[in-house]
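Engineer: Sequence first, predicted model second:
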Amino acid sequence: MRQKLLAALLAFGGICGFTMTARAQSTETTWPTRPITMLVAYPPGAITDTVGRRVAERLSQALNVQVVEENRGGAGGNVAAAFISRAVPDGYTLLFTSYGNLIIAAAADLNVGFHPWRDLAPVGMIGPMTVVLLVRPGLQANTLQDFVRHIAANPGRVNFASVYHLLIEQMIAYGKLNITHVPYRGGAVAMTDFLAGRVDATPATLLFARPYMQDNRGIGVAVGNAERSPVLPNVPAVQELTPGAKLTDGLAVLAAAATPAAIIARANRALQDVINQPAMREWLTNEGVPPSPGPPEAFMTEMTTATEELRTLLRDATIKVK
């Protein structure tokens, strides 16, 4: 009797396992069957929008369905992220965003209506965003070393406009730099004051900074990223002089947390195929987003590691984020 019962249970378990596998395979092979909406977390004109539009076009070809880009800016990308966190987890509504603010929200335990790593599922990274540290020509600081020496010679008198607040706080904390940090809510306003000479320096994405570097209205003395940019190989990273100071930000695609793993895997493969196209890789690199394709697990590991590093900085340097 026991043997018959055991055999029956094993058979039932086998059937259940087969059914679950079949369902997973069915989900993967049938998705997508209708258009996908990809919410871009920033307004038109931003690097997120520029790259998001191109990625949506290429994903439409890769997935054989239309991927519709919809801009939904606000609250540093958190409006769109919060919407996705509450969306039906069926893979038909995706988020295209910069992940720096997600790291900040998680590290500082901000109340943004969702938790970045519990309520969102990573689909894949596009790549890090190159952010250039611009210095006004009047400072006569043509290199990062010159700029740091100028700061040391003028303690507290160098004004630094920034929307990348934590990069500047890292420079202050790790580099022992006595600068006046002037936070801005928008990069356009910060750049306007920089060009008018009201502030001495500002970081900006390469897409935004390049025209001013080309006409010598701004000198690119460093990049805020962990490594040098392939587009600006002769421009050092900030942490080459101030170890530990680095900007962790870039572009990525995410979905609602409960999205089936099979759909995430299918979307990730399509995304990697798009990013690995030679013309796309060249275009992304030139736009200041060097491609960094990989599986969702690698993206999540990088995000959680960056979150813990930032959490440590916030605690040790007693930085308050609101």
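Structural biologist: Okay, I see it. Numbers count the residues shown, from 1 in each chain.
Engineer: Just list the residues touching residue 83, thanks.
Structural biologist: Contacts of residue 83 were listed using Cβ atoms under 8 Å, 6 or more residues apart in numbering, and they are 39, 72. The C-beta positions use only the backbone N, C-alpha and C, and glycine is treated the same way.
Engineer: so it, which of the three states?
Structural biologist: Under the three-state scheme (DSSP: H, G, I helix; E, B strand; the rest coil), residue 83 adopts helix.
Engineer: Please tell me how far it sits from residue 56.
Structural biologist: For residue 83, the distance to residue 56 equals 17 Å [Cβ to Cβ, to the nearest Å].
Engineer: do the same with residue 243
Structural biologist: 38 Å.
Engineer: Out of those two, name the residue with the larger neighbour count.
Structural biologist: Ranked by neighbour count (other Cβ atoms under 10 Å), residue 243 and residue 56 place residue 56 first, with 22 against 10.
Engineer: Can you verify that one is assigned to a helix?
Structural biologist: Yes: according to three-state DSSP, residue 56 belongs to a helix.
Engineer: Is it correct that it is in contact with residue 38?
Structural biologist: Yes: Residue 56 is within contact range of residue 38, at 5.3 Å (criterion: Cβ atoms under 8 Å).
Engineer: Mutual contacts of these two, please.
Structural biologist: 67, 68, 69, 96.
Engineer: Tell me which strands the single longest strand found in the chain pairs with, and in which orientation.
Structural biologist: If you go by DSSP state E, the chain has its longest strand at strand 120-128. With DSSP bridges as the test, strand 120-128 is paired with strand 250-256 (antiparallel).
Engineer: for the partner strand, which positions count as buried?
Structural biologist: Neighbour-count burial for strand 250-256, counted by 16 or more other Cβ atoms under 10 Å, picks out 250, 251, 252, 253, 254, 255, 256.
Engineer: Please give the centre-to-centre distance between the host helix or strand of residue 209 and its chain.
Structural biologist: Secondary-structure element containing residue 209, defined by DSSP states H and E: helix 206-214. Centroid separation for helix 206-214 versus its chain: 20 Å, with Cα atoms, centre = their mean, to the nearest Å.
Engineer: Other residues contacting that helix?
Structural biologist: If you take Cβ under 8 Å, 6+ apart as the criterion, helix 206-214 is touched by 47, 50, 129-132, 134, 187, 191, 195, 218-220, 229, 231-232, 287-288.
Engineer: At which residues are the helices of this structure located?
Structural biologist: 2-30, 47-63, 78-85, 100-107, 144-153, 165-175, 187-195, 206-214, 261-275, 278-286, 296-316 (DSSP state H).
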